[in-house]
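Chemist: Predicted model and sequence follow; I will ask about them next.
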Amino acid sequence: MSERASESSIQQGSLSIVNARVFDGVSDELIDGPVHVVDGRITEVGPGASATADRVIDARGGTVLPGLIDAHFHAYGIGLDLLGIESRSLSYVALAGARRLARALARGFTTVRDVAGGDAGLAAAIDEGLLPSPRYLYTGPALSQTGGHGDARSADSDMCGCHAHMNEVVDGVDALRHAVRDRFRRGAHAIKIMASGGVVSLTDPIRIPQYSAEEISAVTEEAARRGSYVAAHAYSPEAIRHAVDNGVRSVEHGNLLDAETAASMAAHGAYLVPTLITYDAMNRRGAEVGLSAVGQAKNQEVLDSGRAAVELARAAGVRIGFGTDLMGVLEDEQLGGLRIQTEVEGVARALQAATSVNADLLGRPDLGRVQGGCVADLLVVDGDPFADPSLLWAPARPPSVITAGVVVGGPAHES
């Protein structure tokens, strides 16, 4: 479902999930079920609930969770060759992206934020039910300066990728204002900028801040006027400070964060969206996916520091979300992101990051929670993930997946 998900996709009537414990998205421990849903929204949770339902799912002692939210997803990230992606026709990229979205939904991600790609056409197809997909919030192509992370050209190339499926090179305040306004015209949820170098790009040192203060401020001012926000790709302390000082709300990656910069993020109310799994996966599978020698060296620089960045952010009081940033065949590591974040922060905080914290980041407090009034995007897993966290990333069988009260996947036992 897109952000403008059609009401026709909501299951009219009532649903109860019984014989279940519940992770509500916020608490540090499980609470008792059942969970009652009416017309796609949660109405009651807990043993005091007295509702009777048209349909009943027996969780058989399992656990109900909010649907997972991946706040750093790339539907159009069909490979690690950025120039290759921009050289393909949009019809091919969108069809390949549709399959990536369907597989994410089957894993239990009921919402994704696409922070470099997506467009009104893909969102409309999801909205009309033409393809199975998580709730889909997109930024359109990320904005990059010439020679920045989104500029896919090598130093000795004057070729143009011809398209701007994932990234668009835009320089200057006036041009950026126009680009931001046009993205919102087309239905973008938020705006993504590249504020430092990146792993897979070829000509940009990873630590140097990108875009001027005036350019970033122009982007964030335009987004704020639309009641939205800006997400920034940024690794180094200097790039992160440059971004948040100029109005960025969501820092993506942040692997080289230091304590002083973490304190600045907290003071500005900025979120950190770590993407720990992508560096782990590229470290193990870089040769398989054709990661360049330049990319391998950059990945090694940020691999070990990513976990420490999360710890520094937590100590400073920064709100920490969850993202994966997996390109190409590495998408099959998506649930592994929960494993790594659990290793760093524990089960409760990792689950909170991937549910209620991400929902707050998106400005959708009706997602990411199993509470009255919230959208009934839910998972049912076999067992207690607090006792056996591997249920989250290596279940014996896939979870039952429910979106807006509709069972869309998994072995739900409905009567």
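Modeler: Happy to help now that I have it. Residues are numbered from 1 along each chain as shown.

Chemist: Check the gap between Asp360 and Gly321 for me.
Modeler: Remark: distance between Asp360 and Gly321 (C-beta to C-beta, to the nearest Å) = 9 Å. To be clear about C-beta, it is placed using only N, CA and C from the backbone, and glycine gets the same treatment.

Chemist: And the two? Which one has more around it.
Modeler: Gly321 (30 against 16; other C-beta atoms under 10 Å).

Chemist: looking at it, the more buried one is touching Leu361, isn't it?
Modeler: Yes: the criterion here is C-beta atoms under 8 Å, and Gly321 meets it with Leu361 at 5.2 Å.

Chemist: Give me the common contacts of the two.
Modeler: 71, 250, 271, 273 (C-beta atoms under 8 Å, 6 or more residues apart in numbering).

Chemist: what bridges to the spatially closest residue to Arg314 that is not a sequence neighbour?
Modeler: Closest residue to Arg314 apart from its sequence neighbours, by C-beta to C-beta, 6 or more residues apart in numbering: Ile320 at 6.3 Å. Here Ile320 sits in beta bridges with Leu272, as judged by DSSP bridges.

Chemist: How many residues are close by Ile320?
Modeler: Count around Ile320 with other C-beta under 10 Å applied: 24.

Chemist: What residues sit buried inside the helix or strand where Ile216 lies?
Modeler: Under the criterion of DSSP states H and E, Ile216 resides in helix 213-225. Using 16 or more other C-beta atoms under 10 Å as the test for burial, helix 213-225 gives 215-220, 222-223.

Chemist: same thing with stretch 281-301?
Modeler: 281-282, 286, 289, 291-292, 295, 298-299.

Chemist: And for stretch 325-334?
Modeler: Result for stretch 325-334 [16+ other C-beta under 10 Å]: buried residues 325-328, 330-331, 333-334.

Chemist: Is it possible to get TSV of the residues you listed that adds secondary structure?
Modeler: As requested, the buried residues of stretch 325-334 are exported to TSV (DSSP: H, G, I helix; E, B strand; the rest coil):
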residue	secondary structure
Asp325	coil
Leu326	coil
Met327	coil
Gly328	helix
Leu330	helix
Glu331	helix
Glu333	helix
Gln334	coil
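
Chemist: Let me have those residues in CSV, adding distance to Ala354 as columns.
Modeler: Formatted as CSV, the buried residues of stretch 325-334 follow (distance: C-beta to C-beta, whole Å):
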residue, distance to Ala354
Asp325, 14
Leu326, 14
Met327, 20
Gly328, 22
Leu330, 18
Glu331, 16
Glu333, 15
Gln334, 11
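
Chemist: Show me the two of the residues you listed that sit farthest apart.
Modeler: Gly328 and Gln334 (12.4 Å; C-beta to C-beta).

Chemist: ok, back up a step: nearest to Ala309, of the buried residues of helix 213-225?
Modeler: Ile216 (21.0 Å).

Chemist: Specify which residues of the stretch 1-150 of the chain, grouped into ranges, have pLDDT under the cut-off.
Modeler: 1-11, 49-51, 150 (pLDDT under 70).

Chemist: so what does the one helix or strand Ile42 maps to touch, helix or strand wise?
Modeler: Using DSSP H and E, Ile42 sits in strand 41-45. Using 3 or more C-beta pairs under 8 Å, 6 or more residues apart in numbering; DSSP states H and E, the elements in contact with strand 41-45 are strand 35-38.

Chemist: buried residues in stretch 252-262?
Modeler: 252-258, 261-262.

Chemist: Name all residues that make contact with the residue nearest to Arg314.
Modeler: 271-274, 310, 313-314, 345, 349, 353, 357.

Chemist: who's in contact with His72?
Modeler: Applying C-beta under 8 Å, 6+ apart, the residues near His72 are 113, 115, 252, 273, 275, 323-325.

Chemist: how does it look with 10 Å?
Modeler: 112-116, 192, 231, 233, 250, 252-253, 273-275, 278, 321-326, 337, 358 (C-beta atoms under 10 Å, 6 or more residues apart in numbering).

Chemist: now Ala308
Modeler: Applying C-beta under 10 Å, 6+ apart, the residues contacting Ala308 are 255-258, 344.

Chemist: Tell me where the stretch 251-400 of the chain has strands.
Modeler: 271-273, 319-320, 378-381, 400-403 (DSSP state E, counting those that start in this stretch).

Chemist: Dump the ones you listed to a markdown table, plus mean pLDDT and distance to Trp393.
Modeler: Below are the strands of the stretch 251-400 of the chain laid out as a markdown table (pLDDT from 0 to 100; distance: least, C-beta to C-beta, whole Å):
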| stretch | mean pLDDT | distance to Trp393 |
| --- | --- | --- |
| strand 271-273 | 98 | 19 |
| strand 319-320 | 98 | 18 |
| strand 378-381 | 98 | 11 |
| strand 400-403 | 97 | 15 |
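
Chemist: where do the helices sit along the protein?
Modeler: Along the chain, counting by DSSP state H, helices occupy 82-87, 90-107, 120-127, 173-185, 213-225, 237-245, 259-268, 276-289, 293-303, 305-316, 336-345, 347-352, 358-361.

Chemist: Now do the fourth one and helix 213-225, the angle between them.
Modeler: Computed by axes from the mean of the first three to the mean of the last three C-alpha atoms, to 10 degrees, the angle separating helix 173-185 from helix 213-225 equals 30 degrees.

Chemist: Do me a favour and get the end-to-end distance for stretch 301-309?
Modeler: In stretch 301-309, first residue to last residue: 13 Å (C-alpha to C-alpha, to the nearest Å).

Chemist: What's the local residue count around Ala120?
Modeler: If we define neighbours as other C-beta under 10 Å, then Ala120 has 17 of them.
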